[in-house]
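# no FASTA, just this:
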């Protein structure tokens, strides 16, 4: 390997790769710890915000002596992960950076803000649209024989998992772009799977949404399919970039 190449483009041994991966994971973990600590001081306000879609009119119940503290910690960790997502994404990018061509690096850096926007948009979509409908269905089901008095730990676990899960699902276009750009999957093959994707998103919608009614399932499935189509658009751009880069490499002396 030429000495004129930048350090990040030099080949690394397996041990070096593992060492770098460990370092990246440590930095990302430290970022989560710091943001979780900060979020702990605002946990009360965040819990009240998460309670709002339920419209209970009364506080959540705690049963065990430690439940209040563990619920605060769960909310803090959830918020910490969401807040540290820019750090996590940067560390992922920095780890795969040596394997990228110059134009791929430039495109990924341009794509970075959209990755965060999709994640935040997914969480907002869940909180403002999916969550109120899901909770309303669950808490009103059998209301003639039950009274909704949710336990704090179970309610917060349900809400945070739901919101974070939808936020991650909204990263689908970026995942499709990545696997097609590196050549792991061809866009043409993905485009031919549309009928199966329609079935898959409705199955995933049924899994992600905690309610059995088709309305909430459709609310999840339709945006997921639109995200798949957006991923195909990005995949077309990625494949063009790769072909141009390969052509330049082949023409180089």
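Looks like it came in fine. This is a predicted model, so every value here is computed, not measured.
# Quick one: low-confidence residue ranges for this structure.
Per-residue confidence for the chain (pLDDT under 70) gives these ranges: 1-14, 17, 103-104, 208-213, 216, 245-246, 249-253.
# same thing but at 50, please
Applying pLDDT under 50 to the chain flags residues 1-6, 8-10.
# Run through the helices of it in chain order.
Along the chain, counting by DSSP state H, helices occupy 14-40, 43-51, 67-83, 85-96, 102-125, 131-140, 152-169, 172-181, 187-191, 194-208, 214-251.
# Same list (those helices) but as TSV, adding distance to residue 58 and mean neighbour count.
To be clear about C-beta, it is placed using only N, CA and C from the backbone, and glycine gets the same treatment. Below are these laid out as TSV (distance: least, C-beta to C-beta, whole Å; neighbours: other C-beta atoms under 10 Å):
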stretch	distance to residue 58	mean neighbour count
helix 14-40	24	14
helix 43-51	10	16
helix 67-83	16	18
helix 85-96	33	16
helix 102-125	26	16
helix 131-140	12	18
helix 152-169	12	19
helix 172-181	38	21
helix 187-191	49	15
helix 194-208	28	15
helix 214-251	25	16
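# Please tabulate the ones you listed in JSON lines, including the columns distance to residue 146.
What follows is the helices of the chain, written out as JSON lines (distance: least, C-beta to C-beta, whole Å):
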{"stretch": "helix 14-40", "distance to residue 146": "33"}
{"stretch": "helix 43-51", "distance to residue 146": "19"}
{"stretch": "helix 67-83", "distance to residue 146": "21"}
{"stretch": "helix 85-96", "distance to residue 146": "37"}
{"stretch": "helix 102-125", "distance to residue 146": "29"}
{"stretch": "helix 131-140", "distance to residue 146": "9"}
{"stretch": "helix 152-169", "distance to residue 146": "15"}
{"stretch": "helix 172-181", "distance to residue 146": "36"}
{"stretch": "helix 187-191", "distance to residue 146": "45"}
{"stretch": "helix 194-208", "distance to residue 146": "23"}
{"stretch": "helix 214-251", "distance to residue 146": "20"}
